[in-house]
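Peer 1: Test case, fold it:
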Amino acid sequence: LLRAYDKSLKDTRIGVVREFTANRQAMVPPANLVDYPDDWADISRRRGDQLEFSETPMNRAVLATLRDTRLPVNFQDAALEDVLTFLGQFANLEQDVDWPSLEELGIDPEALVTLRLTNVPLETVYDRVLEEVSDPSAQAGWAEHDGVLTIASDDVLRRNTVLEIYDIRDLLIDVPNYDNAPEFDLNTIFQQGGQGGGGGGGGQSPFGQGQQDPLRADREELVEGLRDIIQSNVDPEGWEDLGGETGTIQELNGNFVITNTPKNHRAITGLLNKLRSVRN
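Peer 2: Predicted structure coming up:
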């Protein structure tokens with residue numbers, strides 16, 4: 001019992017000193033304007049983008065491979081099936097080619113591909129290969145799903161939609177543009193002050209009225225304007241409001257609730273980031 005009591009006293013002293021040392025270290029003033037912790041990059045990745053589209057880790061790995069892998073290609077009347085097999089093996093990607101849907105577009109495994117590119121990202125190669133064998137009115141495409149690169153017709157790819165929520169409250173604040181400064185007239189104020197006798201000035205501001213508050217757009221107009229920007233710049237033909245069958249967009253308490261394909265969600269996220277950058 002005495003040994004246990006002695007150990008508890010020792011542990012208490014060690015704990016108190018440890019906490020006191022941590023507090024003293026936390027009180028050290030930073031040497032720079034901003035000091036980032038050593039693991040700030042990992043913290044940012046764990047935090048993620050709140051209320052914005054984020055791919056699963058498996059899909060992010062596929063997208064990173066497509067974006068970061070570069071290669072020269074020189075295909076001369078090569079069969080499409082052989083080209084896709086070569087690209088998948090080169091990048092070590094799991095591929096799922098939906099040949100039935102491609103054949104509905106008139107694309108068969110023996111379709112010929114002639115393409116020469118120098119040191120371009122792998123995603124560019126896939127885009128150009130599928131453009132080479134597709135009719136402009138009926139395009140084939142690719143999309144990542146569950147860590148697998150799926151190659152199919154556009155109609156099939158549009159069936160894979162996800163719902164995401166985008167916080168747009170910061171974009172719904174109307175910032176007025178005051179282009180006329182108020183007039184500043186000291187002579188008038190001095191004259192009025194002299195007429196007031198010894199009692200001091202009349203208390204009138206030296207600034208004239210100037211321009212009144214400019215007309216501001218109401219909240220509904222801002223929401224509709226932002227909705228129009230998204231629908232006009234991201235897959236305009238796919239929104240149900242515009243006659244399509246893929247995307248829907250609703251507003252709730254300063255948030256856009258959007259259902260669309262992962263590819264379009266990435267485009268929406270990029271568009272909103274650009275709007276915020278310009279606004280800032």
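
Peer 1: any idea how far residue 234 is from residue 259?
Peer 2: Distance of residue 234 to residue 259, computed by CB to CB, to the nearest Å: 13 Å. Any C-beta I mention is one placed from the backbone N, CA and C, and that applies to glycine too.

Peer 1: repeat for residue 125
Peer 2: According to CB to CB, residue 125 and residue 259 sit 30 Å apart.

Peer 1: and those two? which has more neighbours close in?
Peer 2: Relative neighbour count places residue 125 above the other of residue 125 and residue 259, with 23 against 16, counting by other CB atoms under 10 Å.

Peer 1: Now for residue 257, how many residues are close by?
Peer 2: The tally of other residues near residue 257 (other CB under 10 Å) stands at 13.

Peer 1: Residue 139 now?
Peer 2: By the criterion of other CB under 10 Å, residue 139 has 14 neighbours.

Peer 1: quick one: it and residue 127 touch, right?
Peer 2: No. In this structure, residue 139 is not within contact of residue 127 by CB atoms under 8 Å, at 10.0 Å.

Peer 1: who touches the closest residue to residue 79 other than its chain neighbours in this structure?
Peer 2: Nearest non-adjacent residue to residue 79, counting by CB to CB, 6 or more residues apart in numbering: residue 110, 5.1 Å away. With contact set as CB atoms under 8 Å, 6 or more residues apart in numbering, residue 110 has these partners: 79-81.

Peer 1: What ranges does the stretch 151-280 of the chain have for its strands?
Peer 2: For the stretch 151-280 of the chain, strands defined by DSSP state E, counting those that start in this stretch occupy the ranges 162-167, 248-252, 255-260.

Peer 1: so residue 119 makes contact with residue 70?
Peer 2: Yes. Residue 119 lies in contact with residue 70 (CB under 8 Å); the separation is 5.3 Å.

Peer 1: out of these two, which sits in the more crowded spot?
Peer 2: Here residue 119 and residue 70 are set side by side on neighbour count (other CB under 10 Å), and the busier one is residue 70, at 13 against 8.

Peer 1: count of neighbours near residue 1?
Peer 2: Number of residues near residue 1 (other CB under 10 Å) recorded here: 5.
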